[in-house]
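> Generate a structure from the sequence data that follows.
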Amino acid sequence: MNASDFALLGPPLIAGAVVLSTHVPLGRQVLARGIIFIDLAIAQLAGLGVILVHVMFDQPGGSTVQFAAFLAALGGALMLRWAERHWPGVLEAVIGVVFVLAVSAALLMLANDPHGGERLKELLAGQLLWTTYDDLWLPAVVSLLILGVWKTVDVAHSPTVFYALFALSVTLSVQLVGVYLVFASLIIPALATRGRRGSFAAYSVGLAGYLLGLFGSLMTDLPTGPSVVWAMATVALASAFLRRTKPQTSN
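Next comes the predicted model:
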């Protein structure tokens, strides 16, 4: 391993920071609302929009892909908002059905595509290690706008705004890091630091997971997305263990 290998980690690590910037507060709100699997459903819908564009058009432009993904994610998010208002008792079941339908639709669309398996793998696991600096400017700008709205609007009491911001954020992140890492970035840092007021610990868990996972993937040549998911979960477990044992040590 040489300096050029370490230089590869710059863009994907910044991509992880951009994703975490919005996913940590969103993840905390997801836990507070008790809709844990909404991120999987919305991320899968955004991915379905990407697959649909590639099926309909040969070599679609980046803006077309982004727009289709956002429309699919926003449509699904607003539909789930409607379900939250009218069927709150079975909302998690509805979210699960939406996820299964989106996955099944993706499999059907890719059934006759000779590269379908590879496309589905890219959607789920992402291609984080091959992220470039040019891929990051739009997600970074939009993430700043999302955080600006988050700071000025009481999202906890504005569910429609929450669902719209969620759809926009997930649309951007799923194309950077894949479905699995979107879920991990939303839930693991928030779950590991639940009960804490500040966000510093949650961001630390997430960034440490990205750093260790990227380094491990580079060292072992294993897939980057799954490596970061496992690294983040390991950091979260270590953080929870240290937090649990700290009072005993002080006695």
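> Could you tell me how many residues sit around residue 82?
The criterion is other C-beta atoms under 10 Å. On that basis, residue 82 has 13 neighbouring residues. C-betas here are computed from N, CA, C, even on glycine.
> ah, wrong one, I meant residue 221
Residue 221 has 7 neighbours, counted by other C-beta under 10 Å.
> separation between it and residue 214?
13 Å (C-beta to C-beta, to the nearest Å).
> With residue 20 instead?
13 Å.
> what do you get for residue 60?
Here residue 60 is placed at a distance of 29 Å from residue 214 (C-beta to C-beta).
> between the two, who's got more neighbours?
With other C-beta under 10 Å as the criterion, residue 60 and residue 214 differ in neighbour count, and residue 214 comes out ahead with 23 against 16.
> Surely that one touches residue 14?
No: the pair formed by residue 214 and residue 14 falls short of the contact definition of C-beta atoms under 8 Å, at 10.9 Å.
> list the residues that contact both of these two?
Contact with both residue 214 and residue 14 is made by no residue, according to C-beta atoms under 8 Å, 6 or more residues apart in numbering.
> could you pull out the helices for the stretch 51-200 of the chain?
Assigned by DSSP state H, counting those that start in this stretch, the stretch 51-200 of the chain shows helices spanning 62-86, 91-109, 116-125, 137-152, 159-177, 179-192, 200-220.
> Save those helices as CSV, and put in mean pLDDT and distance to residue 26 too.
As requested, the helices of the stretch 51-200 of the chain are exported to CSV (pLDDT from 0 to 100; distance: least, C-beta to C-beta, whole Å):
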stretch, mean pLDDT, distance to residue 26
helix 62-86, 86, 12
helix 91-109, 89, 15
helix 116-125, 73, 20
helix 137-152, 91, 8
helix 159-177, 86, 6
helix 179-192, 90, 6
helix 200-220, 92, 11
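> quick one: which of these is nearest residue 228?
Taking C-beta to C-beta as the criterion, helix 200-220 is the member of these that comes nearest to residue 228, at 3.0 Å.
> Report the buried residues of that closest one.
201-218 (16 or more other C-beta atoms under 10 Å).
> Same question for stretch 127-144.
Residues 127-129, 131, 135-136, 139, 142-143 are the ones in stretch 127-144 that count as buried (16+ other C-beta under 10 Å).
> Which one of these is nearest to residue 239?
Looking at the buried residues of stretch 127-144 and their distance to residue 239, the nearest is residue 128, at 22.2 Å (C-beta to C-beta).
> got a list of what the closest one touches?
For residue 128, the contacting residues are 12, 15-16, 176-178, 181, 214, 224-225, 228, by C-beta under 8 Å, 6+ apart.
> Go through those residues and name the one nearest residue 55.
The shortest distance between residue 55 and any of the contacts of residue 128, using C-beta to C-beta, involves residue 178 and amounts to 19.2 Å.
> Now do the closest one, the pLDDT please.
Note on residue 178: pLDDT of 85.
> Quick check: it touching residue 129?
No: counting by C-beta under 8 Å, residue 178 stays clear of residue 129, with 11.3 Å between them.
> In contact with the most centrally placed residue in the chain: list those residues for me.
Centroid-nearest residue in the chain: residue 182, 1.7 Å away (criterion: C-alpha atoms, centre = their mean). Shown in contact with residue 182 (C-beta under 8 Å, 6+ apart): 19, 23, 39, 43, 170, 173-174.
> Then residue 198?
By C-beta under 8 Å, 6+ apart, the contact set of residue 198 is empty.
> quick one: it from residue 28, how far?
To residue 28, residue 198 is 11 Å away according to C-beta to C-beta.
> Please apply the same query to residue 212.
23 Å.
> for residue 183, same thing?
15 Å.
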